[in-house]
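>>> Take this sequence and fold it.
(one chain, ligands or ions: 3)
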Amino acid sequence: PPKDDEKYIDFMNYYLLGLTSRSFARVIQELTPELKDVVCVFYLVLRGLDTIEDDMTIDVNKKVELLRNFHSYNYQKGWTFTESGPNEKDRVLLEQYDIVIEKFLKLDPKYQTIIADICKQMGEGMSEFCLKEKPSTIENYYLYTYYVAGLVGIGLSRIFSASGLEDPSVAEKTELADSMGRFLQKTNIIRDFLEDYEDGRKFWPDEVWKEFIPEDTEGDIGILLKRNYECCAMATLNYLCVDAFQHVVDVLEYLSSLKDKTIFNFCAIPQLMAMSTLTLVFNNPDIFKTKSLKTRKGETVKIMRNNPDISAATVTILSYTDIIADKAEILKYLPLEKGNYKKLDEYMK
Ligand SMILES: O=C(O)CO[C@@H](C(=O)O)[C@@H](OCCCCCc1ccc2ccccc2c1)C(=O)NCCCCCc1ccc2ccccc2c1
Ligand SMILES: [Mg+2]
Ligand SMILES: [Mg+2]
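Numbering: from 1, shown residues only. Ligands and ions are numbered 1, 2, ... in the order given. Model prediction:
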């Protein structure tokens, strides 16, 4: 079919959406028709940007140029990128990116502006992190999660308010929208520790794990995978879970401000799935043994199916909070003083 055929463009955009993310594809389909296309394009534009960022085979100077200019490619009909690494899982999105551009240029200009602006800011942020080896500090952990996920929440909130389906205040409360994204990204960073470490990507802040090992120990965060360091691995894991957990208050406030049911579902389901993941990984030594622990299929389906409203979502989130609080109870009895720590598994039996 001709590249500018409306039906072909729509079909291909949703095809690419389904290819690049099962979970977000499903919740985006839940949105009211006028927002579905906008958010689908928003997702594909940023996933395209992220596919450049994640690709370790692209020369760093070339990568910086691509990341910083990506927002402008959305206005260049026909643009594609065919030099992704062979095992870059979403490379087909960049190879077919001209289709995304066709859809982007059909959107109401008010949405194009929001998408291009977030894409520009995210690309600049990402390029800062791939330029020089950024140290994994707590400050950079905050900065990075803002750029790759906080900005998504801010952009989505601007789209919701611009559509008129949500109050202008949803777009104005950027710290709540930021927390929506950070919570999801931090949960992923915690869960994907082993997979990222094996890919040479270190997101966990150094100040945290260094707090739990004797001063003179040298080496990088890989020490958490070594025998006799299980205790400081667990202490680091739990610290980061509690740090991520702090965003739940903002998440609940954000969700309770929403009026449109489909927007609520779209926002609540990823948060509930992240809560489920965080509950799974909290105080769980397996995250240092297996890559990317996944919540049980049933759990995810259950969350997707029972169409939460704010009261149901709050009850569910608080039930996860109880589970984490119970697990944290155990931690109270662990003598994790620095330098004088015991093997965690003695206590976990
Ligand atoms: O490569 C991968 O598969 C994972 O990549 C991660 C990484 O590279 O760190 C990482 O890439 C981040 C950069 C690209 C962000 C793409 C994105 C994701 C979800 C969206 C949902 C709706 C609209 C636009 C969206 C854009 C990643 O995908 N992390 C998952 C968490 C990102 C959360 C984004 C987000 C923020 C606020 C939200 C509020 C409500 C509903 C969904 C939300 C979704
Ligand atoms: Mg990625
Ligand atoms: Mg990335």
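>>> Run through the residues of the protein sitting next to ligand 3.
Applying CB under 5 Å from the ion, one finds that the chain approaches ligand 3 through Asp50, Glu53, Asp54. All C-beta spots, glycine's among them, are computed from the backbone N, C-alpha and C.
>>> Quick one: residues contacting the last one.
Listed by CB atoms under 8 Å, 6 or more residues apart in numbering, the contact partners of Asp54 are Glu88.
>>> That one and ligand 1: what is the separation?
With the distance defined as CB to the nearest ligand atom, to the nearest Å, Asp54 ends up 5 Å from ligand 1.
>>> likewise the first one?
When CB to the nearest ligand atom is applied, the distance between Asp50 and ligand 1 equals 4 Å.
>>> OK, contacts around that residue?
By CB under 8 Å, 6+ apart, the neighbours of Asp50 are Asp90, Met126, Val148.
>>> so how many other residues sit close to the first one?
The reference is to Asp90. 20 (other CB atoms under 10 Å).
>>> so it sits right up against Leu46, yeah?
No. Judged on CB atoms under 8 Å, Asp90 makes no contact with Leu46 at a distance of 11.2 Å.
>>> ok, back up a step: which single one of the contacts of Asp50 is nearest to Ala312?
Val148 (29.3 Å; CB to CB).
>>> out of everything not next to it in sequence, what's closest to the closest one?
Leaving aside its sequence neighbours, Val148 sits nearest to Gln185 (CB to CB, 6 or more residues apart in numbering; 5.9 Å).
>>> Name all residues that make contact with Thr300.
Ser23, Met273, Ser276.
>>> tell me which element the first one falls in.
Secondary-structure element containing Ser23, defined by DSSP states H and E: helix 22-29.
>>> and stretch 79-94, anywhere near ligand 2?
No. Using CB under 5 Å from the ion, we find that stretch 79-94 stays clear of ligand 2, coming within 7.9 Å at best.
>>> quick thing: my sequence starts at 269, can you match it?
New numbering, starting at 269: the last item is stretch 347-362.
>>> coming back round to it: secondary structure class of the residue nearest to Val416, three-state.
helix (DSSP: H, G, I helix; E, B strand; the rest coil).
>>> show me the contacts for it.
Applying CB under 8 Å, 6+ apart, we find Gln453 in contact with Thr413, Val416, Ala417, Gly418.
>>> Out of those, which two sit at the greatest distance?
Largest separation among those by CB to CB: Val416 and Gly418, giving 7.9 Å.
>>> Which residues are in contact with each of those two?
Gly449, Gln453.
>>> Between the two, which has more neighbouring residues?
More crowded of Val416 and Gly418, by other CB under 10 Å: Gly418, with 26 against 23.
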